[in-house]
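In: Compute the structure for the input listed below.
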Amino acid sequence: MARVFISFLGTNDYLPCTYFKDDKQVLNVRFVQEATLTLFCREWTSDDRILIFTTTESYKKNWLDNGHIDRETDSALDRKGLARCIDDLELLPGIKSVPIPDGKNEDEIWEIFNEIFACLNEGDDLLFDITHAFRSIPMLAMVILNYAKVMRGISLIGIYYGAFEVLGSQYETPAIPLENRLVPVFDLTVYDVLLDWAIAIDRFLGTGDAVPVCRLANKAVRPILKSTNGSDDTAVSIRRIAAGLEKFSKAVSTCRGREISNRITFLKKEIMKCDNLSKIQPFRPIFERIKEQIDRFNGNAIPDGIQAAGWCLDHNLIQQGYTILEETIISYFVLKIGEDPEDLGNNNREIATQALHIYNKGLDESKWKTPAKDYPEVTKRFVTFYQAQGSLAKIFNDIADFRNDLNHAGYKANAMNANKFKINLSKLLNTVEQHIEV
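Out: Predicted coordinates:
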């Protein structure tokens, strides 16, 4: 992996000034790139790269020496170009000027996109200086950055902007003494972080996958926890919510039915704790969206199982939805005959499904199989319940058929069309909610 510095060169006749970031200053430089390279790239090696994107005009005027013309004398002004300025910094990375068009139309914008993307290698760590980016380039740079994160696995070191405009208009700044031309370098990396959060939240809301949200939350609090030895309440809460959200997401996606209610209860408690933390403000809208998603759960296994199946339907986890719904109804059957659905050592869940077959086929006791025949009193209680709840027994049979079709990947006679699974799951959920009392 290499570090890559990317910047865009403008066409103005830039004035010398002092750029500063926090307590560090770079004195008397014309180009912001001199400052950002000095501030952030001094320790880079020959494995790293410095790329300056130039239009035809900016190359002539500012990459090369003496590119500006005195309007009164029509002679070249004595100006050192950026190429020589960077050379004078004696940095180890290779330096390259990359030609790009002006970006005056859609075709040229696509050409810029392709030129920048082509310069990025797999796993590069990227530092952007967007100070002199013109027209749509700043927006394009953000698009390329996120595209490259996906396609090339790049990471962002930082996005920086030299705010020369704080000195005033281009007519006012020449009159300011050089020692007073102090220009701050702004760190705009937070905007990329916010975009990452937006994408991660969208993924969570759309698919139920909490991994990107959790990764970002942990990344945000890691330095805080390190500097405070793990004692910052806000950071601890964010980390616990991230962990709880990921565990809930995985419990649903892997059909861990017995874990769902506990995961939800933990997550709700942790989010409630954040109401009293003032420093939680930047995360509050995110937690509100998460809370909206989990408010449907009440901490009780049967209704939570039904809601989990609904969650799966909403997030296109169709196979998980059928599995969770079927197992939840089995838990309901066991509960209604007075047994514990969480006790897996007494065969009650298997007996529940066997008893349903006995009820459907009207089998006499001589044809019962193990374990139903080993526990006849329990089996009879199930059959009696099904006789009173015939419609629910029919619903269960339908769910079991659909789940069986999914689990066998359609390798069975009369396999269902893929488009029907989601529609039928929605219908079955509505029907189940009308028949189950908890």
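In: hey, which strand is longest across this protein?
Out: Counting residues, the longest strand in the chain under DSSP state E turns out to be strand 155-162.
In: Export the following helix or strand past that strand to CSV, keeping only CA atoms.
Out: On the C-terminal side of strand 155-162, the nearest following helix or strand under DSSP states H and E is strand 182-187. Backbone C-alpha positions of strand 182-187 (Å, rounded to 0.1, in the frame of the first residue of the first chain) are rendered in CSV as follows:
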residue,chain,number,x,y,z
LEU,A,182,-2.2,34.1,7.6
VAL,A,183,-4.3,31.5,5.9
PRO,A,184,-5.8,28.6,7.9
VAL,A,185,-5.8,25.1,6.4
PHE,A,186,-9.1,23.4,7.1
ASP,A,187,-9.5,19.7,7.7
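In: Going forward, count from 214.
Out: Taking 214 as the first residue, the last one we looked at is strand 395-400.
In: got the contact list for strand 395-400?
Out: With contacts defined as Cβ atoms under 8 Å, 6 or more residues apart in numbering, strand 395-400 is touched by 230-234, 245, 248-249, 252, 371-377, 379-380. Where C-beta positions appear, they are placed from N, C-alpha and C, glycine not excepted.
In: Direction included, what does the longest strand of the chain pair against?
Out: Strand 368-375 sits in its sheet next to strand 338-342 (parallel), strand 395-400 (antiparallel), going by DSSP bridges.
In: export it as PDB, just CAs?
Out: Coordinates of the C-alpha atoms in strand 368-375 are reproduced here as PDB (Å, rounded to 0.1, in the frame of the first residue of the first chain):
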ATOM      1  CA  SER A 368      -8.500   4.600   2.500                       C
ATOM      2  CA  LEU A 369      -8.700   8.300   3.200                       C
ATOM      3  CA  ILE A 370      -5.900  10.100   5.100                       C
ATOM      4  CA  GLY A 371      -7.500  13.500   4.900                       C
ATOM      5  CA  ILE A 372      -9.100  16.200   2.900                       C
ATOM      6  CA  TYR A 373      -7.600  19.700   3.300                       C
ATOM      7  CA  TYR A 374      -8.500  23.200   2.100                       C
ATOM      8  CA  GLY A 375      -6.400  26.400   2.300                       C
END
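In: What are the contacting residues of it?
Out: Taking contacts as Cβ under 8 Å, 6+ apart, the residues outside strand 368-375 that touch it are 216, 232, 234, 245, 248-249, 253, 336-344, 358, 362, 396-402, 404-405.
In: tell me which residues in stretch 549-564 are buried?
Out: Using 16 or more other Cβ atoms under 10 Å as the burial criterion, the residues of stretch 549-564 that qualify are K549, I550, E552, P554, N560, N561, R562, I564.
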